[in-house]
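Colleague: Sequence plus the predicted model coming up.
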Amino acid sequence: MKNIRTVAVLAILLFTTGTAFSQSRKTESAKGVEQTDNSKMIKVEGIGHKLNYNLKGGNVEVEGGDNTLTIKGSAKKVSVSGTGNKVYIDSVDKISIEGGNNTVYYRTSGTKSGKPDAALTGVGNKVVKQ
């Protein structure tokens, strides 16, 4: 009986400590979507999100499946991993895609060539100029 109480107390301490640390993060989080206070980082995790953002020079990370992000503005880097994700962005310098059937659509790039530096790993991944 004493062991059960000890385990229960430790579990409560662990849970409340984890809650305190998670609340101290300076991000907005809802259903696997995070955006930092200074709007320099957008991170989406999960399945089936359809989201719109404004971004000026930050980074974008998408993990999961069948997410669609529309980003007005520019990003230094867009990283996508998973399956069936689509990212629409006005301007991007670097793109990294892993997984399958992911697509990043862009309008312009700040690189000398006018095309973003792209690293594609997997099957059916694409970078498409709109």
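Modeller: Thanks, I have the structure now. The structure presented is a predicted model; accordingly, all values stated were derived computationally and were not measured. Numbers count the residues shown, from 1 in each chain.
Colleague: rest of the way, CA atoms for contacts and neighbours
Modeller: Will do.
Colleague: Using the three-state scheme, assign residue 112.
Modeller: Classification of residue 112 using DSSP: H, G, I helix; E, B strand; the rest coil returns coil.
Colleague: just use 20 as the starting number from now, easier for me
Modeller: Noted, 20 is the first residue going forward, which turns the last one into residue 131.
Colleague: Next one: it relative to residue 141, how far apart?
Modeller: Computed as C-alpha to C-alpha, to the nearest Å, the residue 131 to residue 141 distance reads 27 Å.
Colleague: higher neighbour count, these two?
Modeller: More crowded of residue 131 and residue 141, by other C-alpha atoms under 10 Å: residue 141, with 14 against 8.
Colleague: Report the beta-bridge partner residues of the more buried one.
Modeller: residue 118 (DSSP bridges).
Colleague: hang on, it packs against residue 119?
Modeller: Yes: using C-alpha atoms under 8 Å, residue 141 is in contact with residue 119, at 5.5 Å.
Colleague: just the strands in the chain please.
Modeller: 46-49, 52-55, 60-66, 69-84, 87-102, 105-119, 122-127, 136-142, 145-148 (DSSP state E).
Colleague: model confidence over the last one, on average?
Modeller: For strand 145-148, mean pLDDT rounds to 97.
Colleague: do the same with the first one
Modeller: Averaging pLDDT along strand 46-49 gives 43.
Colleague: still on that earlier bit, ok, of the strands of the chain, where does mean pLDDT dip lowest?
Modeller: Looking at the strands of the chain, the lowest mean pLDDT belongs to strand 46-49 (a mean of 43).
Colleague: Give me the neighbour count for residue 134.
Modeller: Residues near residue 134, counting by other C-alpha under 10 Å, number 19.
Colleague: which residues sit in contact with the closest residue in space to it that isn't next to it in sequence?
Modeller: Closest residue to residue 134 apart from its sequence neighbours, by C-alpha to C-alpha, 6 or more residues apart in numbering: residue 128 at 5.5 Å. Residue 128 makes contacts with 110-112, 134-135, as judged by C-alpha atoms under 8 Å, 6 or more residues apart in numbering.
Colleague: Nothing else from me, thank you.
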